[in-house]
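# generate coordinates for the sequence data below:
(chains A, B, C and D)
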Protein chains: 2
Amino acid sequence: MGHRSATLTTPPARPHVPVKHIRRSQAARVEAMRTRLLDATLECLAERGYSNTSTNDIVRRAHVSRGALAHHFRTRNDLFSAAAQRLITARAAEFRERFTAIAPARRTPAEALTVLWSFYDDAAFVAMMELMIASRHEPELRAVLAPMSDQIADITAAVVADFLPELAGLPLLDGALRSIHALFAGLALGALASSDGQGRGADVRAFVQVLVSLAPQFTAQLTAIPDSSEAP
Amino acid sequence: MGHRSATLTTPPARPHVPVKHIRRSQAARVEAMRTRLLDATLECLAERGYSNTSTNDIVRRAHVSRGALAHHFRTRNDLFSAAAQRLITARAAEFRERFTAIAPARRTPAEALTVLWSFYDDAAFVAMMELMIASRHEPELRAVLAPMSDQIADITAAVVADFLPELAGLPLLDGALRSIHALFAGLALGALASSDGQGRGADVRAFVQVLVSLAPQFTAQLTAIPDSSEAP
DNA sequence: CCTCATACCGGCAGGCTTGCCTGTTTGTAA
DNA sequence: TTACAAACAGGCAAGCCTGCCGGTATGAGG
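You can find the predicted model right below:
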């Protein structure tokens, strides 16, 4: 179950393949270089963290010269912002893929929760957290990350609508989905400091499991409740 | 409702009160110095973040010489570990205080949720997140933070038992409480990167509010369910 | 009152990082 | 083929940070 160190980038084609003397178009060259750099950045981010990652670490890992990086990303922040952008779009794509890959017979809320959690119990999400923390002081990075929350909500809603139609009409669905995302994020954050190496809040996830399995039951009662909401 | 910048430390006695020529015992001196240093560390942590905070920043803010810090904390990590320890114990104390301070008439789940959230929508929790992220590479810090998760669970359980006895016996109470903590943590984390300056996931918290208000209802149905748990 | 341990002070050297700068190679287009 | 622009290489200087060190002041004990 420990999904850790899942595909953060495309694993092949990276280790020790010098990009030399293969006669490629310039567009292909820059694309390869950017990919190399960005992937290395994301990996360093997950391993060493935002501010423990120097540009030297990155070029070393990418097997690229210092000047190459400077040529494609003028400043360190540019690099990290681009990496953040790449991470977000890559994840959005993988999100849809992984869900559409679920066999129609298995498209249950429980399975969906498992897949969803795999996105949080993941090296990429560690990188994501690093970026979120760092974005507090890097406006450019923040600008990249800001719309992410709503994007996630939209994509999740779409996935639910497509694959779990029985839940599609639920009254507070949007809030519920956002809640689950927040909960998983909190779990992942807590896992960073917790000594609980493999548990990763399995008990909490079990509780969530039970909760969603009960969703249909109390959805009926919801309509008859004196809406005492308006959050504090 | 924006609780931000709540009491991270004891605000009085800090600004510009030179500790000189007042004839105090040595024990008092070291205590004052440690407090000064640790408070400044925590403040810097919340404002600048873990690795944007240099020891110079700290001594500058604490109005203390560089040597003083070196004398009390041999290394930068020692300082941060001590600060983390201090933060944890201080928060635990404040946690109980704030809950016992609730007027008996107001001891409702809704009120409890509001108070609980105030602990996450808080400069101190920003510092906490910084420490959690940093602890990934600082074993000493990690050792300090590791037991925190269970401590929180224990304290929360105790508070519920004392002040919300009607919930005390609920079947999956422990999981539910941990879930709420994780959810709030995730909300706080997301708020770092979100442009949603003041919202802070109010909608999500509203959902949680509704959910707990329904807790008694479906707790009955829980016993009759084919336990298909064992989290994935 | 005197002595000593402890608390505190401020500067120095070593190491690391970033951004820039010059020089070389590669692709493209005339 | 030739000339130019873009891609790439690697070194340099300025700046900052940490840990340490000798020197001073202050409180404790005889």
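# what helix or strand is whatever residue of chain A ends up closest to DNA strand D on?
As assessed by C-beta to the nearest atom of the strand, DNA strand D sits closest to residue A:67 within chain A, at 2.1 Å. Every residue, glycine included, has its C-beta placed from N, CA and C. For residue A:67, the host element (DSSP states H and E) is helix A:66-72.
# average pLDDT for the biggest helix by length in chain A?
Among the segments of chain A that qualify as a helix by DSSP state H, the longest is helix A:76-100. Averaging pLDDT along helix A:76-100 gives 97.
# before we move on, back to that, does the helix holding residue A:67 come close to DNA strand C?
Yes - contact of helix A:66-72 with DNA strand C (C-beta under 7 Å from any atom of the strand) involves A:66-67, A:70.
# got the buried residues for that helix?
For helix A:66-72, a neighbour-count test (16 or more other C-beta atoms under 10 Å in any protein chain shown) marks A:69, A:72 as buried.
# in chain A, where is pLDDT below threshold?
For chain A, applying pLDDT under 70 flags the ranges A:1-23, A:197, A:218-232.
# quick one: the helices in it?
A:26-48, A:55-62, A:66-72, A:76-100, A:109-118, A:123-135, A:139-145, A:148-163, A:165-168, A:173-193, A:202-213, A:215-223.
# make TSV from the residues of helix A:66-72 next to DNA strand C and add distance to residue A:106 to it.
Below are the residues of helix A:66-72 next to DNA strand C laid out as TSV (distance: C-beta to C-beta, whole Å):
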residue	distance to residue A:106
A:66	48
A:67	50
A:70	48
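# and chain B, which of the residues you listed reach it?
Among these, no residue sits close to chain B (C-beta under 8 Å from any C-beta of the partner chain).
# give the contact list for the nearest residue to residue A:144 once chain neighbours are set aside.
In space, and not counting its chain neighbours, residue A:144 is closest to residue A:84: 4.6 Å by C-beta to C-beta, 6 or more residues apart in numbering or on different chains. Applying C-beta atoms under 8 Å, 6 or more residues apart in numbering or on different chains to residue A:84 gives the contacts A:131, A:135, A:141, A:144-145.
# please repeat the previous calculation with a cut-off of 10 Å.
A:38, A:41-42, A:45, A:127-128, A:130-132, A:134-135, A:138, A:140-145, A:148, B:193 (C-beta atoms under 10 Å, 6 or more residues apart in numbering or on different chains).
# doesn't residue A:167 make contact with residue A:212?
Yes - assessed by C-beta atoms under 10 Å, residue A:212 is found in contact with residue A:167 at 8.4 Å.
# overlap in contacts, those two.
A:109, A:112, A:176.
# of the residues you listed, closest to DNA strand C?
For the shared contacts of residue A:212 and residue A:167, the nearest to DNA strand C is residue A:112 (39.6 Å; C-beta to the nearest atom of the strand).
# state the distance from the closest one to residue A:106.
Distance from residue A:112 to residue A:106, counting by C-beta to C-beta, to the nearest Å: 9 Å.
# comparing the two, which residue is more hemmed in?
The residue with more neighbours, out of residue A:112 and residue A:106, is residue A:112; 21 against 12, by other C-beta atoms under 10 Å in any protein chain shown.
# quick one, what contacts that one?
Shown in contact with residue A:112 (C-beta under 10 Å, 6+ apart): A:99, A:102, A:106, A:156, A:159-160, A:163-164, A:167, A:180, A:212.
# include distance to residue A:187 when you put those residues into CSV, please.
What follows is the contacts of residue A:112, written out as CSV (distance: C-beta to C-beta, whole Å):
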residue, distance to residue A:187
A:99, 20
A:102, 22
A:106, 23
A:156, 17
A:159, 20
A:160, 20
A:163, 23
A:164, 21
A:167, 22
A:180, 10
A:212, 15
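# neighbour-wise, which of the residues you listed leads?
residue A:180 (23 neighbours).
# follow-up on the earlier one: and of the contacts of residue A:112, the nearest to chain B?
residue A:180 (8.6 Å; C-beta to the nearest C-beta).
# I'd like the distance between that closest one and residue A:173.
Taken as C-beta to C-beta, the span from residue A:180 to residue A:173 is 11 Å.
# what is in contact with these two at once?
Between them, residue A:180 and residue A:173 share the contacting residues residue A:156, judged by C-beta under 10 Å, 6+ apart.
# among the contacts of residue A:112, which are in reach of DNA strand D?
Restricting the contacts of residue A:112 to those within reach of DNA strand D (C-beta under 7 Å from any atom of the strand) leaves nothing.
# stretch A:79-90 close to DNA strand C?
No - Stretch A:79-90 stays clear of DNA strand C (C-beta under 7 Å from any atom of the strand), getting no nearer than 8.0 Å.
# can I get that stretch as CSV, trimmed to CA atoms?
Provided in CSV are the C-alpha atoms of stretch A:79-90 (Å, rounded to 0.1, in the frame of the first residue of the first chain):
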residue,chain,number,x,y,z
LEU,A,79,13.1,27.7,-12.4
PHE,A,80,11.0,26.7,-9.4
SER,A,81,8.0,28.5,-10.7
ALA,A,82,8.3,26.6,-14.0
ALA,A,83,8.7,23.4,-12.1
ALA,A,84,5.6,24.1,-10.1
GLN,A,85,3.6,24.8,-13.2
ARG,A,86,4.9,21.6,-14.7
LEU,A,87,4.0,19.6,-11.6
ILE,A,88,0.5,20.9,-11.5
THR,A,89,-0.3,20.2,-15.1
ALA,A,90,1.3,16.8,-14.9
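# show me which positions of that stretch end up buried.
For stretch A:79-90, a neighbour-count test (16+ other C-beta under 10 Å) marks A:79-84, A:86-88, A:90 as buried.
# same check on stretch A:110-125?
So, applying 16+ other C-beta under 10 Å, buried residues of stretch A:110-125: A:111-125.
# neighbours of the nearest residue to residue A:113 once chain neighbours are set aside, how many?
The shortest distance from residue A:113 to any non-neighbouring residue, by C-beta to C-beta, 6+ apart, is to residue A:209 (6.2 Å). Neighbours of residue A:209 under the rule other C-beta under 10 Å: 20.
# these two touch, right, residue A:209 and residue A:110?
Yes - look at residue A:209 against residue A:110 with C-beta under 10 Å: they come within range, at 6.1 Å.
# contacts only, for the closest residue in space to residue A:178 that isn't next to it in sequence.
Once flanking residues are discounted, residue A:178 sits nearest to residue B:204: 4.9 Å by C-beta to C-beta, 6+ apart. Residue B:204 is in contact with A:174-183, A:231, B:183-184, B:186-187, B:190, counting by C-beta under 10 Å, 6+ apart.
# hmm, who's touching stretch A:99-110?
Applying C-beta under 10 Å, 6+ apart, the external contacts of stretch A:99-110 come out as A:111-112, A:114-116, A:155-156, A:158-160, A:162-167, A:209, A:212-213, A:215-216, B:228-229, B:231-232.
# 8 Å instead, please
For stretch A:99-110, the external contacting residues (C-beta under 8 Å, 6+ apart) are A:111-112, A:115, A:159, A:163-164, A:167, A:209, A:212-213, A:215, B:228, B:232.
# contacts only, for residue A:116.
Per C-beta under 8 Å, 6+ apart, neighbours of residue A:116: A:180-181, A:184.
# which bits of chain A sit near DNA strand D?
When proximity is defined as C-beta under 7 Å from any atom of the strand, chain A approaches DNA strand D at A:19, A:26, A:29-30, A:32-33, A:64-68, A:70-72.
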